[in-house]
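1. Mind folding the following:
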Amino acid sequence: MSGDGRAPQAPPAIEERSAGPSSVTRTLIRLKLALLRNGLRQSAGRRAAYIASVAAALLVAVLQLLGLVLLHGTTHAPTVAVVLTAVLALGWAVLPLFFPSGDETLDPTRLVMLPLRPDPLVRGLLVSSLVGVGPLFTLCLAAGSGYAVARGAAAGVVAVLAVPLTVLTCVALARTVAAANTRLLTSRKGRDLAVLSGLVIAIGAQLVNFGAQRLGSAGGVGALDPVADVLRWVPPASAIGAVAATGEGSYGTAVIQLVLCVAALAGLLVLWRRALTRLMTAPDGSTLQAAEPTRGRREPSGRRLLPSGRTGTVMERSLRYVWRDPKTKAAWVTSLAIGLIVPVFNALQGTGSVYFACFAAGMLGIQMYNQFGQDTSAFWMVAMTIASPRDAYVELRARALALLVITLPYATLVTLVTTAMLGAWGDLAEVLGISFALLGAMLATGAWSSARFPYSIPQEGYKNVAPGQAGLAWISIFGGMVAAALLCAPVLALAIGLHATGADAWSWLLLPVGAAYGAAVTLLGLRMAAPRTAARLPEILTAVSKG
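-> Take a look at the predicted model:
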């Protein structure tokens, strides 16, 4: 008893513990809201970006919901609803791999020091995951899909069960994938995946465009009926399939499809629980390999293939940047992928030209621009080794050679693939010559713009240009591309002249002419950029150190 006659109150921690597992759920929901609220308080720009993204997501969700409502009772409504639900679930499965930092509660290792049991933690994380724009977007699409395929009162009752079951399965799928890959997503490889998310979106947009054109030529949505017949048995699309089956009077099929979705949800929760248990109790061995003795390790054999001296050292450093630095790797993978996608997809659609293969050389040549920006503040070590224009020339030449190790064979491969798909083997030599000339021109202008318009590349976040340097980036890249196109004018004029005079039989001359011209332009550009680089070392270091 206290001095005033009242019984002492239990400490907050004891009250919270006695409240049971529901307190864990309430705490995680409050944590989710607090993280969101505090994140929006960081800056007005982030708050505006979040509000704009929420408005855009809700607008798309409302439009799709209206579209699905209008599909109610149509012939292809089940096909559209089932395929849309399957694509939505695929997005939930892939999204955590590319945006691991979008929700801090996706990393359960932050809770590893708390006395939490797996079952309450799973329930709490599942319920807290329903708070946000993503679940609301999913709910709109699931509700619209359920309404689009519902026919009759019985189907409406099943839809009431199928819609929340679909949302829970999507959320559980995302959580299971995130928990199973937490170690990966918080490592350097995980940051690489996050940086590559833009590439996935670009490729996905190309695939959607290609698929839409194929559907248009194949007779519309009806071409997806065989795919929908398979997906209606795959959870969570099977829940929407159960609504459609109920409306058609196939009650046995509807029960089986609902049971499949429930079983999938239960299985995901079990896998999620196991992943959480292993994650919260197993030691982190990410540093064990680094602690191992280095005896017996040999130098990589690839180093022996490079030239000796400064050239080989700079080439090795540049190639290591491509393999290890997340931003550099993302830029290279994006250029490699888009350089292949554009000519190949145009060839598949029947609207392509063999000259689209030059797009690969153009995309890869962009990597020569802002060569010193990838060094960031560590450029001072490079600057200390440059004492004359000759040193600067060797540095730039080695970086260009490192690019050519990748760009030359890849541009040749893309040209061969595009030519084979179009059957235009007579134009192979001409296109290769133009590609080599374009590549050489971009290497030349890239070396010059690297010395004249350097800018910093932030190592954290998704921005590729430091604040206040966007103008430098635009001038460096687009100005250099225009200059490269002008430098290619003689080779292009030769190609046009051969075709205009009917001397197509001599078009093979463009291969040696283009290769020689590209090499000459590259050497000339490096010679011109070297003195400027040696004279502007302090300015370059200041510019690339802002990130």
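2. pLDDT-wise, which helix or strand of the chain ranks last?
-> One helix or strand of the chain scores below all others by mean pLDDT, DSSP states H and E: helix 12-18, with a mean of 40.
3. helix or strand right after that one?
-> Where DSSP states H and E defines the elements, the next helix or strand beyond helix 12-18 is helix 21-40.
4. So what's the model's average confidence on that following helix?
-> Per-region confidence: helix 21-40 scores 77 on mean pLDDT.
5. ok, and for it, which residues are buried?
-> Burial within helix 21-40, assessed by neighbour count using 16 or more other C-beta atoms under 10 Å, is assigned to 24, 25, 27, 28, 29, 31, 32, 36. C-beta: built from backbone N, CA, C; applies to glycine.
6. From the chain's centre, how far out is the helix or strand immediately after that helix in the chain? Work that out for me.
-> Once helix 21-40 ends, the next helix or strand along the chain (criterion: DSSP H and E) is helix 44-70. Between the centre of helix 44-70 and the centre of its host chain there is 21 Å, according to C-alpha atoms, centre = their mean, to the nearest Å.
7. Next: stretch 237-257.
-> Its chain's C-alpha centre and that of stretch 237-257 lie 36 Å apart, by C-alpha atoms, centre = their mean.
8. can you check stretch 81-95 too?
-> What separates the centre of stretch 81-95 from the centre of its chain is 17 Å, taken as C-alpha atoms, centre = their mean.
9. Go ahead and name everything in contact with that stretch.
-> Counting contacts by C-beta atoms under 8 Å, 6 or more residues apart in numbering, the residues outside stretch 81-95 that touch it are 64, 68, 71, 102, 134, 138, 141-142, 144-146, 148-149, 166, 169-171, 173-174, 177, 200, 224, 227-228, 231-232, 234-237, 239-241, 244.
10. hmm, 6 Å instead?
-> Residues from elsewhere that reach stretch 81-95 (C-beta atoms under 6 Å, 6 or more residues apart in numbering): 141, 145, 148-149, 170, 173-174, 177, 224, 228, 231-232, 236-237, 240-241.
11. Which ones among those residues lie within strands?
-> Counting by DSSP state E, no part of the contacts of stretch 81-95 is found in strands.
12. which among the residues you listed gets closest to residue 541?
-> Using C-beta to C-beta, residue 177 is the member of the contacts of stretch 81-95 that sits closest to residue 541, with 42.5 Å.
13. can I see the domain layout of this structure?
-> The chain breaks down by automatic domain parsing into domains covering 19-194+217-281, 307-544.
14. how far does the last one stretch from start to finish?
-> From its first residue to its last, domain 307-544 covers 28 Å (C-alpha to C-alpha, to the nearest Å).
15. which of the residues in the lengthiest helix in the chain are buried?
-> Scanning the chain for the helix with the most residues, using DSSP state H, yields helix 389-422. Applying a neighbour-count criterion of 16+ other C-beta under 10 Å, one finds 389, 391-404, 406-408, 410-412, 414-415, 417-419, 422 buried in helix 389-422.
16. Need the contact partners of stretch 227-240.
-> Identification of contacts with stretch 227-240 by C-beta under 6 Å, 6+ apart yields 79, 81-83, 85-86, 89, 145, 162, 165-166, 169, 241, 257, 260-261, 264.
17. ok, back up a step: just the buried residues of helix 21-40 now: which is nearest residue 352?
-> Each of the buried residues of helix 21-40 was scored against residue 352 by C-beta to C-beta, and residue 36 proved nearest at 45.8 Å.
18. count of neighbours near the closest residue to the closest one other than its chain neighbours?
-> Of all residues not flanking residue 36 in the chain, residue 132 sits nearest, at 7.8 Å (C-beta to C-beta, 6 or more residues apart in numbering). Per other C-beta atoms under 10 Å, the neighbour tally for residue 132 reads 17.
19. how far away is residue 132 from residue 51?
-> Computed as C-beta to C-beta, to the nearest Å, the residue 132 to residue 51 distance reads 14 Å.
20. which residues sit against stretch 376-388?
-> Stretch 376-388 is touched from outside by 372, 392, 534, 537, 541, 544, 545, 547, with contacts defined as C-beta under 6 Å, 6+ apart.
21. In PyMOL, how would I select the buried members of the residues you listed?
-> Buried members of these, identified by 16+ other C-beta under 10 Å, are gathered into one PyMOL selection as follows:
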select buried, resi 372+392+534+537+541+544+547
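22. among the contacts of stretch 376-388, which are in helices?
-> Reading helices off these with DSSP H, I get 392, 534, 537, 541, 544.
23. right, and the first one touches residue 535 too?
-> Meaning residue 392. No - the pair residue 392 and residue 535 fails to qualify as a contact (C-beta atoms under 6 Å) at a distance of 8.9 Å.
24. In contact with residue 65, which residues?
-> Here residue 65 is in contact with 140, 144 (criterion: C-beta under 6 Å, 6+ apart).
25. can you do 8 Å?
-> Residue 65 is in contact with 140, 141, 143, 144, counting by C-beta under 8 Å, 6+ apart.
26. And the pLDDT at the closest residue to the first one other than its chain neighbours?
-> To tie it back to what came earlier, the one meant is residue 140. In space, not counting the residues next to it along the chain, residue 140 is nearest to residue 61; the distance is 4.1 Å by C-beta to C-beta, 6+ apart. In the predicted model, residue 61 carries a pLDDT score of 88.
27. And for residue 259?
-> What the model reports for residue 259 is a pLDDT of 93.
28. Count the neighbours of it for me.
-> Neighbour count for residue 259, taken as other C-beta under 10 Å: 13.
29. The one 10 residues further on too?
-> In terms of burial, residue 269 registers 19 neighbours under the definition other C-beta under 10 Å.
30. Of all the residues in the helix or strand containing it, which ones are buried?
-> With elements delineated by DSSP H and E, residue 269 resides in helix 251-281, which encompasses its position. Applying a neighbour-count criterion of 16+ other C-beta under 10 Å, one finds 253-254, 257-258, 260-262, 264-265, 268-269, 271-273, 275-276, 279-280 buried in helix 251-281.
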